[in-house]
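Asks: here is a sequence with its predicted model. Questions after.
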Amino acid sequence: MSKYNIAKATILIVDDNQNNLKVLCEAIADSGWEILVASDGESAIEQAEYACPDLILLDVMMPGIDGFDTCQRLKTNLITREIPIIFMTALSDIIDKVKGLSIGGVDYVTKPFHTEEVLARINVHLQLRFLNKQLEEQKNDLEKRVAARTRELSEALYELQQSQLHLIQSEKMSMLGQLVASVAHEINNPVGFITGNLSHLSDYIYKLINHLQIYQRNYTEPILEITQDAKKISLNDLIKEIPDIFSSMEAGIDRISNISSSLRNFSRSDTSTKVEFDIHQGIESTLIILKPRLKLNKRHLNIEVIKQYGNLPLVNCYPGQLNQVFMNLLSNAIDALEELIESGKHETNYAFLKIHIVTKVENDNYVSISISDNGLGMDAKVAERVFDQFFTTKPIGKGTGLGLSISRQIVEKHNGVISCVSNLGKGTEFTVKIPIH
């Protein structure tokens, strides 16, 4: 059963004429409604605010403030403005009827009163009043349910997006790990073969040179053909250059070995538990992989990487995932400097293309890694959205809008935070803070 029961309604009757009050009270007494009475506008307003009746019968002509002024004050009051008001007026007062309806009255009854008419109009407006209340409650309830459902859907969507990001990141790292491990293995085999034979080759070459020098000392006047060939190949210069050639070959092999090692470190598979990791080793491995991009060959320019490494302890983390964060942030910094060049702005600054990497310990519990560039920077609206999934300012085919979103998820997985500060025309700085333990 509805809690809005017309039989238990409260009606406020406002009239300065005691006979009218008596007639109306007797007319509606058998209906079971609770009846309140007031003889003037001021007391009517006070009772309406206190009792909140379900309907008001209001006389137009009263001492003090008349019915119209009373109605207007009731309609501007937050407590009483929804209470329906039926005016009581003389049958011939058409102007009063129109005015009463225009200022908020819902109906009128005429004097002298007809009991059936009064009861019928009261019943109609009580039903409308209670129906409106029910509709308002149902509307509010529906709005609450919609809001709750919207929150549930938003949370479900967020969780789904996070799951998608995690899946993309896991699949990407898995494929990258397999690819890099395969490449590193393929590199290691020939590198190992070359390294193993380079020392033997060096030994053999030096033995041949020594034998040739013995021959030169004992045969000071060789035949013309030998003399001419020695001059043609600059034999003496060649003998002097051979050590440098071997030295550069050994350096090249060391560099290939370092790249292979960096690839393995960068793509190392993370276990289900965290391990202690050297943050600087992860950054250095990433920089070695990105080294070709630091040389902007089209304009014969280099990006200078300035490192200000603090004394960091080993960090308990998932190394492969953090390496991906470093890769994303450093790649974005390089992209920003490339965009600076392509834009044709600040040409005098081309020789000062820089990426700053600063690491330090904060509050004894966190490590902070800041990576900044002196590129074009971003305006505030773009900077606010850089971590949004699929948001990118890069051309189609160059950016997916997932790198920074995945980076944030990885950092948050480590109970850390990642932030971005960018100034248009000056550059951008990303800072990652993660707990040491």
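Replies: Arrived safely.
Asks: low-scoring stretches of the stretch 201-350 of the chain, by residue?
Replies: Applying pLDDT under 70 to the stretch 201-350 of the chain picks out residues 259-272, 297-300, 345-350.
Asks: can you pull out the helices in it?
Replies: Listed in chain order, the helices of the stretch 201-350 of the chain (DSSP state H, counting those that start in this stretch) span 224-232, 235-266, 279-290, 319-343.
Asks: distance from the last one to the middle of the chain?
Replies: From the chain centre to the centre of helix 319-343 is a distance of 19 Å (Cα atoms, centre = their mean, to the nearest Å).
Asks: name the residues of the next helix or strand after that helix that are buried.
Replies: The helix or strand immediately downstream of helix 319-343 is strand 354-362, counting by DSSP states H and E. In terms of neighbour count (16 or more other Cβ atoms under 10 Å), strand 354-362 has its buried residues at Lys354, Ile355, His356, Ile357, Val358, Thr359. All C-beta atoms are positioned from the backbone trio N, CA, C, and that covers glycine.
Asks: list the contacts of strand 354-362.
Replies: 279-280, 283, 303-313, 330, 333-334, 337, 367-374, 433, 436 (Cβ atoms under 8 Å, 6 or more residues apart in numbering).
Asks: stretch 97-108 now?
Replies: The set of residues external to stretch 97-108 that reach it, using Cβ under 8 Å, 6+ apart, is 58, 60, 67-68, 71-72, 74-75, 81, 84-89, 121, 124-125, 128.
Asks: for Asn140, find the nearest of the helices of the stretch 201-350 of the chain.
Replies: helix 319-343 (46.1 Å; Cβ to Cβ).
Asks: mind listing what's buried in whichever strand or helix holds Arg408?
Replies: According to DSSP H and E, Arg408 maps onto helix 403-413. For helix 403-413, the neighbour count (16+ other Cβ under 10 Å) marks Gly403, Leu404, Ser405, Ile406, Ser407, Arg408, Gln409, Ile410, Val411 as buried.
Asks: now the strands for this structure?
Replies: For the chain, strands defined by DSSP state E occupy the ranges 10-14, 34-38, 55-59, 85-90, 107-111, 275-277, 295-296, 301-302, 304-308, 315-317, 354-362, 366-373, 417-423, 427-435.
Asks: how about the ones you listed, which one is nearest Asn132?
Replies: Ranking the strands of the chain by their distance to Asn132 (criterion: Cβ to Cβ) puts strand 55-59 first, at 12.1 Å.
Asks: show me what the closest one packs onto, helices and strands only.
Replies: Packing partners of strand 55-59 (3 or more Cβ pairs under 8 Å, 6 or more residues apart in numbering; DSSP states H and E): strand 10-14, helix 41-51, helix 67-75, strand 85-90, helix 115-218.
Asks: given that strand, what are its sheet partners and their directions?
Replies: strand 10-14 (parallel), strand 85-90 (parallel) (DSSP bridges).
Asks: what's the angle between it and helix 67-75?
Replies: Orientation check (axes from the mean of the first three to the mean of the last three Cα atoms, to 10 degrees): strand 55-59 against helix 67-75 gives 150 degrees.
Asks: let's have the helices and strands packed on strand 55-59 in a markdown table, adding mean neighbour count and distance to Lys240.
Replies: Formatted as a markdown table, these follow (neighbours: other Cβ atoms under 10 Å; distance: least, Cβ to Cβ, whole Å):
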| stretch | mean neighbour count | distance to Lys240 |
| --- | --- | --- |
| strand 10-14 | 21 | 116 |
| helix 41-51 | 17 | 110 |
| helix 67-75 | 20 | 108 |
| strand 85-90 | 22 | 114 |
| helix 115-218 | 13 | 10 |
